[in-house]
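S.K.: Have a look at this fold, sequence not included:
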C-alpha cells in the first residue's frame, strides 16, 4: 500500500454522522475481487441522480468543482458504520481520498481502512466543529495532515491526534499484512531450510 507521511490537500466537509458503508460503496457494485475500479462508484446514491451514473448530482459535495480533487474528508461521528465490506476503504482510496477526519469511526471499518493504508484521524467533536466551520467559510480550502508528528493544520490552527504505534508505523512505511510478512522472508527461508525433507514432501503433497 502507499506510504503516508504528510500531505497538504483539499478537504471536503461532509457534515453528517453515521455515514455507513452501504452509502460509501453500495452493495450492487461489490462484484470485483481486487481493489481497483471502486472509486467511480463511491457514494453512488449521493453522487448521481440516475442509476446509469451519467447525471451527477450538482448538490453533492464531491461533485462541486472545488472539491472534485479533494484528498481528505471531514465528517462527524461513527463514520463507516454498517456492514464489514472491505470495499469501502478501497473505494475511498481509489477515488483519491487519503485520509478521513472524524470524531469517531466504526471498529470494523477502522480495521479495514488502516490495513489498506487509509489514514483515519480522530479528533474531538469541538475540534471537528471548528474545522467544519473553517472549511465551509473557505470552499476548496487546503489543510495539512502530518502523520509523522500526528498533527492536522487548518489555517493557523493546529490539532494533535493519537494513533496506535503499530498502525502508524505500517502506514508511514506502506506495509500491509503481506509486506509485514515479507520483512521476515530471510528468517522464514532459514526456517524452511532446516525442516526435514519428509515434512516438506508431505506438505507438497
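M.R.: Noted; the coordinates are in hand. Just so you know, these numbers come straight off a predicted model, no measurement behind them.
S.K.: CA atoms for contacts and neighbours, from now on please.
M.R.: Fine.
S.K.: which residue is nearest the centroid of the chain?
M.R.: residue 118 (2.8 Å; CA atoms, centre = their mean).
S.K.: can you pull the contacts of that one?
M.R.: Shown in contact with residue 118 (CA atoms under 8 Å, 6 or more residues apart in numbering): 89, 93, 97, 98, 99, 100.
S.K.: Now with 6 Å, please.
M.R.: Residues near residue 118 by CA atoms under 6 Å, 6 or more residues apart in numbering: 98, 99.
S.K.: and what of residue 23?
M.R.: residue 43.
S.K.: Give me the three-state assignment for it.
M.R.: helix (DSSP: H, G, I helix; E, B strand; the rest coil).
S.K.: Next one: it from residue 4, what distance?
M.R.: 25 Å (CA to CA, to the nearest Å).
S.K.: which phi and psi does the residue nearest to the centre of the chain have?
M.R.: phi -90, psi 110 (degrees, to the nearest 10).
S.K.: now residue 19
M.R.: The phi/psi pair for residue 19 (degrees, to the nearest 10) is phi -70, psi 110.
S.K.: Domain ranges for the protein, per the record?
M.R.: With domains defined by automatic domain parsing, the chain comprises 6-174, 175-205.
S.K.: Any chance of a markdown table for the ones you listed, columns mean pLDDT?
M.R.: Output for the domains of the chain, formatted as a markdown table (pLDDT from 0 to 100):
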| stretch | mean pLDDT |
| --- | --- |
| domain 6-174 | 95 |
| domain 175-205 | 67 |
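S.K.: any idea which of the ones you listed is most buried?
M.R.: domain 6-174 (a mean of 18; mean count of other CA atoms under 10 Å).
S.K.: next one: it to chain centre, how far?
M.R.: 6 Å (CA atoms, centre = their mean, to the nearest Å).
S.K.: Any figure for the gap between residue 22 and residue 41?
M.R.: 11 Å.
S.K.: typo on my end, residue 6
M.R.: Residue 6 is 27 Å from residue 41, by CA to CA.
S.K.: swap in residue 189?
M.R.: 42 Å.
S.K.: Would you map the strands across the chain?
M.R.: 6-13, 72-74, 99-102, 119-122, 142-146, 151-154, 157-160 (DSSP state E).
S.K.: mind checking which of those strands is nearest residue 66?
M.R.: strand 6-13 (8.3 Å; CA to CA).
S.K.: Measure how the closest one sits relative to strand 142-146, angle-wise.
M.R.: Angle of strand 6-13 versus strand 142-146, following axes from the mean of the first three to the mean of the last three CA atoms, to 10 degrees, is 130 degrees.
S.K.: Would you map the helices across this protein?
M.R.: 21-24, 44-47, 87-95, 107-116, 125-137, 165-173, 177-182, 185-194, 197-204 (DSSP state H).
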